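Q: Got a predicted structure plus its sequence, pasted below:
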Amino acid sequence: MSKDLNHDADCLFCKIINGEIPSNKVYEDDLCYAFRDIDPQAPTHILVVPRTHVASCAEITGDNAALVGHIFTVIARIAAREKLADGWRVVSNVGADAGQTVPHLHFHILGGKRLSDRMG
């Protein structure tokens, strides 16, 4: 895959996408990149990020909504490939109060065990 031209030079996830920082890649295509979380909160914990830098869900617009739709089709494929047939969760944090630590839109795929009913 080619390096993304629309990235933030200071963004951790942009650096991962561009190969500047190593990751345990699970999937990639021209629109998104998926890799295993380095601090997993479940047996399966994968992050799916757009190659284009978008800060969070708060920046999803009509112009980039198709990208998010594509990412969700990729999430379903990854969950199937990871054999998460008994269930999985998708989470995206927006802002510091929600726990977003990297200001680049990303979706956590969590599964591989029975997850708590509590969300916070």
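A: Yep, it's here. Numbering: from 1, shown residues only.

Q: low-confidence ranges in the chain?
A: Applying pLDDT under 70 to the chain flags residues 1-5, 120.

Q: residue boundaries of the helices in it?
A: 12-17, 65-81 (DSSP state H).

Q: right, and these - which one's nearest A96?
A: Ranking the helices of the chain by their distance to A96 (criterion: C-beta to C-beta) puts helix 12-17 first, at 15.2 Å. Just so you know, the C-beta spots here come from the backbone N, C-alpha and C atoms, and that holds for glycine as well.

Q: and the closest one, what does it pack onto?
A: With contacts taken as 3 or more C-beta pairs under 8 Å, 6 or more residues apart in numbering; DSSP states H and E, helix 12-17 sits against strand 32-36, strand 44-50.

Q: would you turn these into JSON lines with distance to P103 and mean neighbour count?
A: Below are these laid out as JSON lines (distance: least, C-beta to C-beta, whole Å; neighbours: other C-beta atoms under 10 Å):
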{"stretch": "strand 32-36", "distance to P103": "16", "mean neighbour count": "21"}
{"stretch": "strand 44-50", "distance to P103": "12", "mean neighbour count": "21"}
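
Q: most neighbours per residue, which of the helices of the chain?
A: When the helices of the chain are scored by mean count of other C-beta atoms under 10 Å, the highest mean neighbour count falls to helix 12-17 (a mean of 20).

Q: got a list of contacts for it?
A: Outside of helix 12-17, the residues within contact range by C-beta atoms under 8 Å, 6 or more residues apart in numbering are 3-4, 7-8, 21-23, 33, 35, 47, 49, 51, 53, 102, 104, 106.

Q: Closest one of those to I71?
A: V49 (8.3 Å).

Q: Please, a ChimeraX command that selects the buried ones among the contacts of helix 12-17?
A: To isolate the buried ones among those in ChimeraX, judged by 16 or more other C-beta atoms under 10 Å, type:
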select :4,7,23,33,35,47,49,51,53,102,104,106
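
Q: a markdown table for the helices of the chain, including distance to G87?
A: Listed next are the helices of the chain as a markdown table, based on distance: least, C-beta to C-beta, whole Å:
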| stretch | distance to G87 |
| --- | --- |
| helix 12-17 | 26 |
| helix 65-81 | 9 |
